[in-house]
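K.L.:
Here you go, sequence then predicted model.
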Amino acid sequence: MPSFGDAFEALRRLGLRPSLHYAAYQAKLRSGWFRLRTPAGAWRAPASVELAHAGSGTFPFASGEALRSALDSLPESTGRQAIEAGEAVLRGRFDVFGRQSVEVGFPPDWMAFLRLLPDSPPPIRAGAHWSTYRLEDLSGDVKLVLELSRFGWVFSLGRAYVFSGEDRFAAAFWALLASWRQANAPNLGPQWISGQEVALRLMALIYAWQTFSPWLSKQADGLQVLRETIQVHAERIPPSLNYALAQDNNHLLVEAAALYAAGQAFPELGGAEAWRSTGRRLLTDAVARQFFEDGGYTQHSVNYARVALEGALWAAVAAERAGDQLPASVLDALARGGDWLEAMMIGKSGRAPNFGPNDGAQILPLTTCDYDDLRPTLDALRRLVGHTSLGEGAWSELGDWLGLPRASSIESNESRPASSAIFRQAGTFKLGQGRLQAVLRCAQFDRRPGHADQLHLDVWYAGQNLALDPGTYMYSGAPPWDNALAGSDVHNLPRIDSLPMMRRAGRFLWLAWAQGRLISRHLSTDGGVEVLVAAHDGYQGLGLSLQRTVVRLGQGALLVVDEAFGVGRHRLEVGWNLPDAGWTVDGRAMWLAESEWTCRLDLPDAPAALAVFKAGEQIVGQAVAPQPTWGWTSPTYAVKNACLRTLSSLQGNLPLRLMTWFEWDTGTRGSANLAWRPPEVGQAPLSHVGLGGETVEL
């Protein structure tokens, strides 16, 4: 139980409105109210149900010749890969968390934990009302049970069915749906715990109705069964909306979008008008609150921003088709969100820093592009709001499924002016536009942070992520993997005395928020020299402060200067996550070699050699007590890859200054003109930076 002080601070930080919604949810949970509003029962689909007007509303997806024509114009490999993905499902191989393909059988055990870990717990018991389950009592991470029931495989089978025209993919959907229904009676079992999980499944079922109806209409009770499944899912969401309102993040937005689309598509169902109106109202309010004026997202997460954008995009398309277009404020927010997402992309690959929580979610996996490719979402958003598209490519498929017109192409974000990459509310500041790019995290939080990552720096060169964000891995794994990669000790940032910048009060709750501020930004006339100076107040309770300065010198070098201020003797330390590529260490320097480049990481001020860790163990340097979470990076949920983590420190009386050089062109440092100042709070450590004919005065 949290202390009274923590509970009071949580109430102050989170606000009265979310706290009241959470209290209401808990009261309904403990009183048994949910059992009355979401009664358990058996599936019933009477053959006599009237289907003449079933699904007579409007749907978010294209169909018929218009869809076929658009898909035919995609690269030839797109259809082939879509069919291969559908065939994998038929063989019992399912894609999970956007990246992994796992053998689970056909049909799978819907109550079993995915075997992604050495020791898989036994399946969760079925048959109890969803409100009686306590996630903290489960023997494993519940997301490993819920993932297959997000129904991502529906999109794999639907794409294969449309591209191939073969009934076997529709038949596979029907078999899997029947198996799932048999294992998950209405409101019984863990698959009904979360309204958001139900909403994600509902979206997939609406897609299935539109995609598989030609085949299902020929099966006895086919459409009846699917329509009943859709109705039960839509009815499950409204009773527990207090929880989504308390979260006020992608949970609420996704549930609202699913309700709205279900009401639009199935107006003949009882409750449809309430679903439509409630979903529309909540969606409109959520988008207005959750997207900042600069396009950043409330959860300070790249992937959750994509989840929110795709959910709202989906609902906006459904509204436009129905002649019920959402307010201009919603479309404006989506346009801003798309601009921020584009600015976070590095180069032309569609990849971006893996900032913030990432649970492997993707609402509309209607593409052959990799999971971490943001271009499908961005392209569809641009086509929706009337901007130009990203041109034709595999990323066009999502927009084609949504029936969005293709517009003329635009140049990539490589052509954006540097000033467009400054997002103060989002807390992301991007340097560089060519081969060398970096993104600094420095946020002024007014919504709860997901990661303690103030002053984290992501560094990219030639499209490769050199200084890595650790990602998430798992929310509820066995210690230490209970959301451990959210902490400051595993990010690319400075710390004082190994102390955390914020106090952790729960798996997802930080208190004593460290607030960041951008002190200054400088850019030379031709853009070749760039300087960012930022700080955060996470140590102000100790009378200490941290400041980070990032200097980009053309395309050849990046200088990072970390400074600690205050009184007394302390230790300033800096850690970096680096790829486990070809590397060597020589004292305070490390060389990393890729096929196209070699980078030298140098810490000239460090009094001792670099300490290097990998997969929780120390492999280089003087003995340091390693943490099991050091030397790991997670590209998506339940996946962790070994990486290198360097650690260097400087101990003495404050102020302290520690420099890190990233060098690709070893001559850049020598040719740079750097005029240093003594350390001073709120002031850049340099008064002048020059390179060639370009200069910056600070």
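P.N.:
All right, it came through fine. Residues are numbered from 1 along each chain as shown.

K.L.:
Give me the below-cutoff pLDDT ranges for the stretch 501-650 of the chain.
P.N.:
Within the stretch 501-650 of the chain, not a single segment meets pLDDT under 70.

K.L.:
for the stretch 51-200 of the chain, same thing?
P.N.:
Looking at the stretch 51-200 of the chain by pLDDT under 70, you get 51-55.

K.L.:
run the last query once more with 80
P.N.:
The stretch 51-200 of the chain contains residues with pLDDT under 80 at 51-56, 99, 117-120, 136-137.

K.L.:
Going along the chain, name the helices of it.
P.N.:
64-72, 76-90, 143-146, 152-164, 167-183, 195-216 (DSSP state H, counting those that start in this stretch).

K.L.:
Arrange those in CSV, one row each, with distance to residue 385 and mean neighbour count as further columns.
P.N.:
Bear in mind the C-beta positions are built from the backbone N, C-alpha and C, glycine included. Putting these into CSV (distance: least, CB to CB, whole Å; neighbours: other CB atoms under 10 Å) gives the following:
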stretch, distance to residue 385, mean neighbour count
helix 64-72, 19, 13
helix 76-90, 24, 18
helix 143-146, 32, 22
helix 152-164, 24, 24
helix 167-183, 32, 18
helix 195-216, 21, 23
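
K.L.:
closest to residue 629 out of those helices?
P.N.:
helix 143-146 (18.7 Å; CB to CB).

K.L.:
Who are the packing partners of the closest one?
P.N.:
The helices and strands touching helix 143-146, judged by 3 or more CB pairs under 8 Å, 6 or more residues apart in numbering; DSSP states H and E, number zero.

K.L.:
returning to that earlier point: indicate which one of the helices of the stretch 51-200 of the chain is closest to residue 56.
P.N.:
helix 195-216 (11.5 Å).

K.L.:
Using PDB, write out every CA atom in that closest one.
P.N.:
Extracted in PDB, the C-alpha atoms of helix 195-216 (Å, rounded to 0.1, in the frame of the first residue of the first chain):
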ATOM      1  CA  GLY A 195     -11.900  -2.600 -22.100                       C
ATOM      2  CA  GLN A 196      -9.000  -1.600 -24.300                       C
ATOM      3  CA  GLU A 197      -8.300  -5.300 -25.200                       C
ATOM      4  CA  VAL A 198     -11.900  -5.800 -26.000                       C
ATOM      5  CA  ALA A 199     -11.800  -2.600 -28.200                       C
ATOM      6  CA  LEU A 200      -8.800  -3.800 -30.100                       C
ATOM      7  CA  ARG A 201     -10.600  -7.100 -30.800                       C
ATOM      8  CA  LEU A 202     -13.700  -5.300 -31.800                       C
ATOM      9  CA  MET A 203     -11.800  -3.300 -34.400                       C
ATOM     10  CA  ALA A 204     -10.500  -6.500 -35.900                       C
ATOM     11  CA  LEU A 205     -13.900  -8.100 -35.900                       C
ATOM     12  CA  ILE A 206     -15.400  -5.100 -37.800                       C
ATOM     13  CA  TYR A 207     -12.600  -5.500 -40.300                       C
ATOM     14  CA  ALA A 208     -13.400  -9.200 -40.500                       C
ATOM     15  CA  TRP A 209     -17.100  -8.500 -41.200                       C
ATOM     16  CA  GLN A 210     -16.200  -6.200 -44.100                       C
ATOM     17  CA  THR A 211     -13.500  -8.500 -45.500                       C
ATOM     18  CA  PHE A 212     -14.900 -12.000 -45.000                       C
ATOM     19  CA  SER A 213     -18.600 -11.300 -45.500                       C
ATOM     20  CA  PRO A 214     -18.700 -12.800 -49.100                       C
ATOM     21  CA  TRP A 215     -17.500 -16.100 -47.700                       C
ATOM     22  CA  LEU A 216     -19.400 -16.000 -44.300                       C
END
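
K.L.:
Much appreciated, bye for now.
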